[in-house]
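Chemist: Got a sequence here, can you model it:
(chains A and B)
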Amino acid sequence: MDFGLLNDAFAELIGSGHSHYIFMGVLVGLTFGVIPGLGGTTALALLIPVTYTMDPVAAMYLAGGSMGATSFGGSMTAILLNTPGTPPNAATTFDGYPLTRQGKAGLAIGASATASALGGLIGLISLLLVIPLARSIIYLFGPPEFFLLTILCLLAIAVATLGKLLRGLIAAGFGLMAAFVGMDSVSGELRYAGDLDYLWDGIPLVPVLTGMFAISQMLHLALKGGSIVSDANRKTKLSGVLDGMKSVFRHWTHLLRGSAIGTVIGAIPGLGGVVASFFAYSSAAQTSRDPESFGKGNIIGVIAPEAANNAKDGASLLPAVAFGIPGSAESALLLSILVLHGIEPGPSILVESQREIYGLILAITLSAVGASIVGLACSRWLMLITYVKVEVLVPVVITVTLTAVYVLEGKFGDVIVCSIMGVIGYLMIRFDYPRLSFIIALVLGKTMEQAFHQSMIISDGDLVSYIAGRPTAVVLIFCIVLTLMLPAIRSYRGVRKKTI
Amino acid sequence: MIIKMKTIACTLLALTSLLTGAAHAEWPEDKAIKLVIPFGPGGFDAYARTLAPALEKILGAVVVPENVPGAGGRIGANTVYRARPDGYTIGLWSMPGMTMPAIVGERVRYDLNKLSWIAQLSFDKYALAVKADSPIRTFEDLCDLGRPATFSGQGGFTETASIATVITMAELGCPYKIVTGYQSSGQATLAVMRGDVDARVNPLGSLLPYIKSGDIRLLLTYEHETSVAGVPTIEELGHGEYINFGLRRVVAGPPGLPDHIRKRLSTAFIEAMQSPELKEWSGKTNNPFSPLDSEQTALAMQEVMRFYEQYGDLLRTEFKGN
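Modeler: Residues are numbered from 1 along each chain as shown, chains lettered A, B, ... in the order given. Below you'll find the model as predicted:
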């Protein structure tokens, strides 16, 4: 393990006089995190020209600083407004927002901040532990493993939609249909794209997610009236932040598990943060003794996804560090910053650009901690937003959100998609269909189909014997079977308990 | 007080508009030049963003690189093609990728014959790579596997590497299959190292670091004279015409770009590529320049279109199944 190198990186950070770039990164990251529609990739893309004249290590501080801070920024709005600031924060809304409505926003924010910071630290340690093994780990996951992983994640939908399985499956079905719009990257055929260039690459995730969570939530609030926190709950104390922080330590197993899930999913290219945090949430709910309490303000439902969300940032660098090949949109941008500074990312990037890479890793971790501290310091004032009358809140959030969605790629089509999804999302709230099932299916659909297609071509149609020869795939199949049997096992246990 | 502030603001506003009006200078000084990159981060992005500051210095204008990704480069292509030919919107074009939609009979909204070619930036020669410890030692081995050789592709028929794969393998009578759908050129190279597929055709420059690290081995290069010791060229295999294979990064503007603007831009790009800083960057990052001026580029592009058009039937069958 290279803790010595981390030490060097730390010494350089203090000695270089560039440490303020991390702090600037944190502020940029928090701002971009808080605004729905804008996220880590937008922040990085906008920072690229700024870093041009900087020292490469300082550029990494700024970029890493913003990357580590976005996820906590996004969790604030997820908790307070039921509107995830960045896609991976969607899972935090499930229990974070109910806590806010009960007047316990402080508890949720305290827990989220602590889980984010610790998740970032655990992510750092696991990244350092795993770097020497990075190549062998990445070699373990080929197309058939990707296919099985997506199946495993889709199964998690069934669990997250406790009590409304059928509605969850319907929403997921529509999500899969939406995922198949655009060019099939294996056959090259265009599907359901009409005559629109816009739909060539499929239905874009960020506008859909922003519409379905932010716009729909605003419509819901507008039609309901009043303010987010009911008058009865307003008399309860604003504090609870400290209790929230403590709760993370009380539920440390969930913190560790969430971080582990974040690390593993973060390291696998193509799955991304939404899946990581959602998977952490559903696994916490799945194995809980009291699954019914989830979705009604269980603090574990905030801790698990937030830990996963920050742990995944470090791990998502793994393919980039091991091969110089980016595994996520963020790491592609980070590597392109290095190229601009005359550093060619390649298999020896870790040796040749040690200063930059360790500086980056350090910045991501420190900013996760820094963002939490800044967030906690502002939490008292931020909570006041939930008392704002919806007549004021709704138009502001809708305007900011739609503008952000437009700024993202400068495509008006994104604004239209976002608005349509806002209405659909509202109808889903109104008729009680789980929106995240739709989103997860949309995220995973393309990877799932592609990996299946690739596996079929490679194995010449003989998928079964191909998979049987791959140990990782066999393990994944075992996990799938286990997940499918879990409800049965649980009800069997329940029945036995009752009879005794 | 408020009224006073308003008056000042209005006066200032009026003054600025007057000043800018008066300073309505000749191209390229009065507005920023938009340099469209039809892809996200990657090679094209790196070239554009590295060239932009050098161009600013030479032209004395503001140059803003802008990513307009999507549809395999077509959305960016349409953006440039539809722009006003005033010299304020130009873009990078991936060749021969952008010739493909028309060749395989897809609907396209741009006509390459009408574009105003400005300069060629690079011409990356291709090479055919296998995993370092693969039992496949030569190109003949790849043909005699007793099953189709598998190649990784980035997806979509606008990927130059897949086009080169199809033409090489089909014309040399070797059975092959392309496993497409990898998210980036890097991921497709990783697929070879991981053993998903047998081989990959990729720009030589981006393969070099992986040869050095001992992850992959080359079977052949698409060069006139090999630049990697001990690796045969496609010419030695008796197919000298394939040295045309490669990825060209070309700058072009919308149809009808006035001659003086086209020439000035062309000179600026050539000058930028010859500056010492950019030469240094190019050497350090394996991103070589192959500068061609506007006339040379126009001729080269006609040749590229003619070259790939002759494989039209083959490419249509492979990519569209008809």
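
Chemist: end-to-end on stretch A:188-202?
Modeler: Taking C-alpha to C-alpha, to the nearest Å, stretch A:188-202 runs 13 Å from one end to the other.

Chemist: now stretch B:78-86: how far from the chain's centre is it?
Modeler: 18 Å (C-alpha atoms, centre = their mean, to the nearest Å).

Chemist: Just the C-alphas of stretch B:227-238, formatted as CSV.
Modeler: Only the C-alpha atoms of stretch B:227-238 are listed here, as CSV (Å, rounded to 0.1, in the frame of the first residue of the first chain):
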residue,chain,number,x,y,z
SER,B,227,7.9,2.9,-37.2
VAL,B,228,7.9,0.0,-34.7
ALA,B,229,10.9,-2.3,-35.1
GLY,B,230,10.1,-5.8,-36.1
VAL,B,231,6.5,-5.2,-37.0
PRO,B,232,5.6,-5.7,-40.7
THR,B,233,3.6,-3.1,-42.6
ILE,B,234,0.4,-3.7,-44.6
GLU,B,235,2.5,-2.9,-47.7
GLU,B,236,4.8,-5.9,-47.0
LEU,B,237,1.6,-8.0,-47.0
GLY,B,238,1.0,-6.8,-50.5
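
Chemist: Identify the residues contacting it?
Modeler: With contacts defined as C-beta atoms under 8 Å, 6 or more residues apart in numbering or on different chains, stretch B:227-238 is touched by B:125, B:127, B:139, B:168, B:172, B:204, B:208, B:211, B:218-226, B:240, B:242-243, B:245. In this view, the C-beta of every residue, glycine as well, is placed from N, C-alpha and C.

Chemist: Spell out which parts of the stretch 301-450 of chain A neighbour chain B.
Modeler: Where the stretch 301-450 of chain A comes near chain B, counting by C-beta under 8 Å from any C-beta of the partner chain, the residues are A:319, A:323-326, A:329, A:332-333, A:335-336, A:339-340, A:342-344, A:346-348, A:409-410, A:450.

Chemist: For the stretch 251-400 of chain A, which segments are assigned as strands?
Modeler: In the stretch 251-400 of chain A, no strands are defined using DSSP state E, counting those that start in this stretch.

Chemist: so where's it uncertain?
Modeler: For the stretch 251-400 of chain A, no stretch has pLDDT under 70.

Chemist: quick revisit: of the contacts of stretch B:227-238, which belong to strands?
Modeler: B:125, B:127, B:218-221 (DSSP state E).

Chemist: top of those by neighbour count?
Modeler: Compared across these, B:A127 has the highest neighbour count, 30 neighbours, by other C-beta atoms under 10 Å in any protein chain shown.

Chemist: Tell me what that one is bridged to.
Modeler: Beta-bridge pairing of B:A127 under DSSP bridges involves B:N202, B:T221.

Chemist: Hmm, it is touching B:Y222, no?
Modeler: Yes. Judged on C-beta atoms under 8 Å, B:A127 makes contact with B:Y222 at a distance of 6.7 Å.

Chemist: re the thing from before, report the buried members of the contacts of stretch B:227-238.
Modeler: Among these, those buried by neighbour count (16 or more other C-beta atoms under 10 Å in any protein chain shown) are B:125, B:127, B:139, B:168, B:172, B:204, B:208, B:211, B:218-223, B:226, B:242-243, B:245.

Chemist: from memory A:G73 sits against A:L30, does it?
Modeler: Yes. A:G73 is within contact range of A:L30, at 4.0 Å (criterion: C-beta under 8 Å).

Chemist: quick one, helices of the stretch 201-322 of chain B?
Modeler: For the stretch 201-322 of chain B, the helices defined by DSSP state H, counting those that start in this stretch cover B:204-212, B:259-274, B:276-284, B:294-309, B:312-320.
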